[in-house]
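Engineer: Pasting the sequence and the predicted coordinates here, then a few questions.
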Amino acid sequence: MRLLGFLVIGLIVGWLAGHLTRGRGFGLIGDLIVGVVGAGLGGHILGFFGVHYYGLIGSFVSALIGAVVLVSAIRLIKQA
């Protein structure tokens with residue numbers, strides 16, 4: 001059940017990050033990958049700055065921050 005929740009949050013966060021960065025997203029699988037990788041990236045970014053988060057909302061915000069950073073980096077690389 002925990003894995004399913006992680007994947008659902010990853011999908012939502014990936015889709016949301018794709019749209020927040022003025023795009024259309026990357027499709028179902030692409031959004032899921034971006035959301036899951038972004039969740040890990042967000043945890044590392046916030047941990048680096050000493051920010052601790054708790055609960056579902058904290059995890060969601062952390063994942064969203066990481067996914068937005070990841071999508072922005074992907075778009076920057078694609079433009080170059």
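Structural biologist: Noted; the coordinates are in hand. Numbering: from 1, shown residues only.

Engineer: For the protein, give the helix that spans the most residues.
Structural biologist: When the chain is parsed with DSSP state H, its longest helix is helix 55-79.

Engineer: helices or strands up against it?
Structural biologist: helix 2-20, helix 27-48 (3 or more Cβ pairs under 8 Å, 6 or more residues apart in numbering; DSSP states H and E). C-betas here are computed from N, CA, C, even on glycine.

Engineer: where does the protein dip in pLDDT?
Structural biologist: 1 (pLDDT under 70).

Engineer: Residue 49 versus the residue nearest the centre of it, what's the distance?
Structural biologist: Of all residues in the chain, the one closest to the mean position by Cα atoms, centre = their mean is residue 67, 2.6 Å from it. Residue 67 is 17 Å from residue 49, where distance means Cβ to Cβ, to the nearest Å.

Engineer: re the thing from before, name the residues of the longest helix of the chain that come out as buried.
Structural biologist: 59-60, 62-71, 74 (16 or more other Cβ atoms under 10 Å).

Engineer: next one: stretch 27-36
Structural biologist: Quick answer for stretch 27-36 (16+ other Cβ under 10 Å): 31, 32, 33, 34, 35, 36.

Engineer: Using PDB, list the CA coordinates for it.
Structural biologist: Extracted C-alpha coordinates of stretch 27-36, given in PDB (Å, rounded to 0.1, in the frame of the first residue of the first chain):
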ATOM      1  CA  GLY A  27       2.800  11.800 -20.500                       C
ATOM      2  CA  LEU A  28       1.700   9.300 -17.800                       C
ATOM      3  CA  ILE A  29       4.900   7.300 -17.500                       C
ATOM      4  CA  GLY A  30       7.100  10.400 -17.900                       C
ATOM      5  CA  ASP A  31       5.200  12.300 -15.200                       C
ATOM      6  CA  LEU A  32       5.500   9.300 -12.900                       C
ATOM      7  CA  ILE A  33       9.200   9.100 -13.400                       C
ATOM      8  CA  VAL A  34       9.700  12.900 -13.000                       C
ATOM      9  CA  GLY A  35       7.600  12.800  -9.800                       C
ATOM     10  CA  VAL A  36       9.400   9.900  -8.200                       C
END
